[in-house]
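In: what's the 3D shape of this:
(chains A and B)
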Amino acid sequence: MAIPPLKIAHRIRPKSMKLRCIQEAPGRVEKLRVMLGGLIRHERIELNSHRAAETRDYAERLIQDAVLYGPHHKRSMEMASFWLKEKELVHKLFKVIAPRLENETRGFTKIWVLADPEKTSYEPGGLPGVHYKNDWVALEIKNNPLPPIRPNPTPHRSLYIPNLLLAAAAASIA
Amino acid sequence: MVKKATIFMKFVNGQVSRGYCVNRITLTNREVIAKRNALFSEEQERQAALVRRVEKIRVKYTGIPKECTMVMNKSISTPADCLRHLPERMLQLSVLAYVNGEPWDMSKPLEEDCELNFAHFKDFDPRKLLTVNKAFWRSCSYLLGFAIERSFKEDHRVLLHSWPAPQIKSGSFVYDAVLPLENWEPNDRELRALGNPVRKLQPEKASFERLEVEPALAKEIFEDNPYKHSVVDSFAESTENKKVILYRCKDHVDISRGPMIGNTGFIRDFGVASVHAFETGIGLVYRFQGIAYPSAFTMSPFALGVLRDRAKIMNTTGLPNELNRAPGDSKSESTTEAEVPDTDDENEQTTQAHKAAQ
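Out: Residues are numbered from 1 along each chain as shown, chains lettered A, B, ... in the order given. Predicted coordinates for the structure are as follows:
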């Protein structure tokens, strides 16, 4: 049976992730288990963007299988009990999270880019030129009971004076 | 019966002094500028002297990096003074102040306890962004007048007329002026020279000073310019406290409803793109068109070239109703910004202008 594709755009990394794990691949798996366990338990975790993207793929797969096939599906249950070391989390995945996200169409998780913690004095971004150098994000399961994260303000670039002028010039030429 | 006296300025040992004369004499451009500047300074000092007792007000700053409350002087402290207590980055960025949610000039004194915030050219609030953009375009028009008055020789009397409400999408800011020249078509060198006085202002960061004066004084200031003189009354009627709002940048004084940007340091690559002559009820009027952009942005020479090319085409903003009427005519919807309320709907005005052009 073909495995259904994920509902999120898969992130392709063109270069090596430079993982510094002493146990190499098995150590990485262990780390992923820890992060997935944290995500299912707390429903929102903060971590760097590489780990968040990697964890997100696995979390999406687990939740999607749980939503599609339910707890009586053998492969889904095997997968869940491999990645989630604690049995109560497997229970939470199938009985709490999967029913809650049944109607989600655009992925079950979300990544929020957070401000550089050292520059929080210049947030929430009234100023232009705030950069998220510290690579710090929040990974969360959708529809969680936690207070929502305030989205970063979106710049209105089309109203900047050079853009207004260039748009008007383009319209006059066409 | 005594004839009404008119005031003129004398140059005595290089200093400007005030005298009275029965007969009006014609002053040169430079003397007119000095006279307006002197009268403005005089009135500014008089108004400052009216504040006898220093009272304190609490100004609540609600922006970034964090909220705070400043204790400032009533009728003396301006938003620009408040900025000095904030991080330097705010000083570099802030273009326009917002007091209790309303746009407020950087140089306008605060009158009571208030909430203060600032706006800049990349603001996240689109409404603030539009106001800041218009203030920039208006200030550029104002400075175009500054450049025109200082670019001609003394034997050419320059009479500034007006500028239309800011229309960024029209591609250029505009100032109309009456010159004692016929069939003048400036070459590239002259156009470059026209922009020079303002380009020199950018590193100076000269601030725009705001002053509200009685119509009688405004008439005295603009008595050498019949066009400005004639709009004083209608301007005063349209304001709440029946006063005329004047702005001064360096020694240039002009009428405008404002608000203006904080200082001239925000203006980059100011240039006069073209000058067009057109016939009106008052005779031949020259329309000066310029282009500039805020220092918060960078533009490639190619993109800027596209904008400059477009600014060479005649800008018809504010023209259709005005072509055959003299300014100050009570029936006319004058092109003077003083009489045209700033509408938020830029598109509407531009399309009207385009229709008129067709």
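In: so how far is whatever helix or strand residue A:50 lives in off the chain centroid?
Out: Residue A:50 belongs to helix A:49-69 when assigned by DSSP states H and E. Distance of helix A:49-69 from its chain centroid, counting by C-alpha atoms, centre = their mean, to the nearest Å, is 9 Å.
In: In CSV, could you pull the C-alpha coordinates for that helix?
Out: Listed next in CSV are the C-alpha coordinates belonging to helix A:49-69 (Å, rounded to 0.1, in the frame of the first residue of the first chain):
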residue,chain,number,x,y,z
SER,A,49,15.0,25.7,12.8
HIS,A,50,17.0,22.7,11.6
ARG,A,51,15.8,20.5,14.3
ALA,A,52,12.3,21.9,14.0
ALA,A,53,12.1,21.2,10.3
GLU,A,54,13.3,17.6,10.9
THR,A,55,11.0,16.9,13.8
ARG,A,56,8.1,18.4,12.0
ASP,A,57,8.4,15.9,9.2
TYR,A,58,8.2,13.0,11.6
ALA,A,59,5.4,14.5,13.7
GLU,A,60,3.3,15.1,10.5
ARG,A,61,3.8,11.5,9.5
LEU,A,62,2.8,10.2,12.9
ILE,A,63,-0.3,12.4,13.2
GLN,A,64,-1.4,11.8,9.7
ASP,A,65,-1.2,8.0,10.1
ALA,A,66,-3.1,8.3,13.4
VAL,A,67,-5.9,10.4,11.7
LEU,A,68,-6.2,8.2,8.6
TYR,A,69,-5.9,4.7,10.1
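In: any chance you could map the strands in chain A?
Out: Counting by DSSP state E, chain A has strands at residues A:44-48, A:109-113, A:136-141.
In: Any idea which of those gets closest to chain B?
Out: The minimum distance between chain B and those falls on strand A:109-113, with 15.8 Å, by C-beta to the nearest C-beta. To be clear about C-beta, it is placed using only N, CA and C from the backbone, and glycine gets the same treatment.
In: My guess is residue B:308 contacts residue B:272. True?
Out: No: assessed by C-beta atoms under 8 Å, residue B:308 is found out of contact with residue B:272, at 10.0 Å.
In: Those two - which one has more neighbours?
Out: More crowded of residue B:308 and residue B:272, by other C-beta atoms under 10 Å in any protein chain shown: residue B:272, with 26 against 19.
In: Doesn't the more buried one lie inside a strand?
Out: Yes: applying DSSP: H, G, I helix; E, B strand; the rest coil, one finds residue B:272 inside a strand.
In: Tell me the confidence at it?
Out: With respect to pLDDT, residue B:272 scores 96.
In: and it, what is it in contact with?
Out: For residue B:272, the contact set (C-beta atoms under 8 Å, 6 or more residues apart in numbering or on different chains) comprises B:144, B:147, B:191, B:192, B:194, B:195, B:288, B:289, B:290.
In: Enumerate the beta-bridge partners assigned to the residue nearest the centre of chain A.
Out: The centre of chain A sits closest to residue A:111, judged by C-alpha atoms, centre = their mean, with a distance of 3.5 Å. As for beta bridges, residue A:111 partners with residue A:139 under DSSP bridges.
In: Skipping its backbone neighbours, what lies nearest residue 163 in space?
Out: Picked chain A for this. Once flanking residues are discounted, residue A:163 sits nearest to residue A:157: 5.9 Å by C-beta to C-beta, 6 or more residues apart in numbering or on different chains.
In: think we crossed wires, I meant chain B
Out: With C-beta to C-beta, 6+ apart as the criterion, residue B:163 has its nearest non-adjacent residue at 4.1 Å, and that residue is residue B:141.
In: so where does that neighbour fall, helix or strand?
Out: Residue B:141 belongs to helix B:126-151 when assigned by DSSP H and E.
In: If you count neighbours, what's buried in that helix?
Out: B:128-151 (16 or more other C-beta atoms under 10 Å in any protein chain shown).
In: how about the helices in chain A?
Out: Remark: helices assigned in chain A by DSSP state H are A:24-42, A:49-69, A:74-83, A:87-92, A:98-100, A:161-173.
In: by contact count, what packs against the longest one?
Out: Under the contact definition 3 or more C-beta pairs under 8 Å, 6 or more residues apart in numbering or on different chains; DSSP states H and E, helix A:49-69 sits against helix A:24-42, helix A:74-83, helix A:98-100, strand A:109-113, strand A:136-141.
In: Could you do the shortest one as well?
Out: Packing contacts for helix A:98-100, counted by 3+ C-beta pairs under 8 Å, 6+ apart, involve helix A:49-69.
In: contact partners of the helix it packs on?
Out: By C-beta under 8 Å, 6+ apart, the surrounding residues in contact with helix A:49-69 are A:4, A:6-8, A:10-11, A:17, A:31-32, A:35-36, A:39-40, A:47, A:73, A:75-76, A:79-80, A:83-84, A:93-94, A:97-98, A:101-102, A:104, A:107-109, A:111, A:113, A:135-137, A:139, A:141.
In: And for residue B:191, the neighbour number?
Out: Around residue B:191 there are 19 other residues, counting by other C-beta under 10 Å.
In: Thank you kindly, that will do.
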